[in-house]
Every structure is written in structure tokens, then in C-alpha cells.
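>>> could you look at this predicted model? Sequence included:
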Amino acid sequence: MSPEPQDAAVGRALERAELEELLARHVGPLRSYVRLRSGAALRHAEPPSDVLQSALREVLSRAPSFRFTTEAAFRRWVHTIALHKIVSKTRLHAAARRGAGRTQELASGLWDVPARDDGSRHATPSRDAERREDLERLQVALDRLDDQDREIVCLRRIFDVPVAEIAAATGLAESTVRWRLARALTELASALD
């Protein structure tokens, strides 16, 4: 589905090929969102790639009944499913169902965040190591933010959701969203210096 004919799908269910094409365009930012939005406790218990896979399974199973008006509406719908998956899995792992003696630390899972194309032809071990260190520092800095600030940063910077939509989704005034975003980005910048 090219950018122009998206409106042709308004009000009807997505064909399988359309759905796959939309998901292909959105899976990278969704992967990053899940990775960055998950708290440390969830990442400790379950790799972000598993949470993402679970969210995508739900998207695929619910897609036949979903009707969308724009690609932004589709993006919000997929984001909402991913967020609900993160919240439910966080609650599941926080419950006393799992004994503390049975849990083990998982690998960092930073490999599941897509590499940024910096124009270089070949990745090198030193670039990979630098990238991993940068991502680990970013994750630690994000973990220091409260849940709502982390949500605002992820929505605005990963999903490029307009401030007005973030305000509507969070129940905050647009000015409050802008202020919290600026404050959170300042905290992140300070932590990464």
C-alpha cells in the first residue's frame, strides 16, 4: 500500500497483504517502543522480542475485525495493543506466581533494536560494541524516568505521535505534555553526558 491509496482502505477490513505491508513499515519503531517502554523488571523476566512477538500475534488475530481511517489510526491501534501487552506481562511477572529462586537474568537483548543506517558499508566489532554501550546507557537513563514520562518520550520520539494525540491519550494538557517531554529529554541528555 503506497502512501496515496491508504484512504482507499478507510472503513473496511485490511486484506492480508495490506496488513503485512503496514506491519513491515511499523515493526521497527514498534520493536524499539517495546524495548524502551518495558521496565527493567519486565526486561529481566522476558526478552522484549517475546513481548513484541506476542503483541504482533494479537494484531494478526484481531486485524480481520479492525477498521481504520488513516495509517496513524493503525499505528495507534498497534501501539495500544503493544502497551497493553507490556502492562499485562509486567503484572504477570510481578505477581507471586513465579518464585524468586526460579528466575534468571536474561541477556540484555539489545540486539533486537535495529541498527541505525549510518551510511557505512560494514559493521565492525568496535562499532557494534559502541552501539551496545550507547543503548545500555539509554536504557538505564530511560529506566530512571517515571512511567508516564517514559511513555511520552517513546510516543513522541519513536512513534512520532503528535503532542495533541499524546495529550488525549494520557489525559494531560498539551502544554503539560510539552513540558514533561522537555524535562524528560533534559534528564536523558544529562544522564547520557
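On my side now, so go ahead. Residues are numbered from 1 along each chain as shown.

>>> mind listing the helices for this protein?
Counting by DSSP state H, one finds helices in the chain at the ranges 16-37, 40-45, 48-62, 71-94, 125-144, 147-157, 163-170, 174-192.

>>> make a markdown table out of the ones you listed and add mean neighbour count.
(Glycine included, C-beta is placed from N, CA and C.) A markdown table is the format used below for the helices of the chain (neighbours: other Cβ atoms under 10 Å):
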| stretch | mean neighbour count |
| --- | --- |
| helix 16-37 | 18 |
| helix 40-45 | 16 |
| helix 48-62 | 17 |
| helix 71-94 | 17 |
| helix 125-144 | 14 |
| helix 147-157 | 19 |
| helix 163-170 | 16 |
| helix 174-192 | 15 |
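
>>> in a markdown table, list those along with mean pLDDT.
A markdown table is the format used below for these (pLDDT from 0 to 100):
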| stretch | mean pLDDT |
| --- | --- |
| helix 16-37 | 84 |
| helix 40-45 | 80 |
| helix 48-62 | 89 |
| helix 71-94 | 85 |
| helix 125-144 | 80 |
| helix 147-157 | 87 |
| helix 163-170 | 88 |
| helix 174-192 | 90 |
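
>>> what's the separation between the residue nearest the centre of the chain and residue 148?
In the chain, the residue lying closest to the centroid (Cα atoms, centre = their mean) is residue 33, at 1.3 Å. Separation of residue 33 from residue 148 (Cβ to Cβ, to the nearest Å): 15 Å.

>>> tell me the domain ranges of this protein?
1-95, 125-193 (automatic domain parsing).

>>> rewinding a little: contacts only, for the residue nearest to the centre of the chain.
Taking Cβ atoms under 8 Å, 6 or more residues apart in numbering, we find residue 33 in contact with 79, 82, 154, 158-159.

>>> same check, this time on residue 180
For residue 180, the contact set (Cβ under 8 Å, 6+ apart) comprises 148-149, 152, 172.

>>> out of those residues, who's nearest residue 74?
Proximity of these to residue 74 (Cβ to Cβ) peaks at residue 152, which lies at 21.0 Å.
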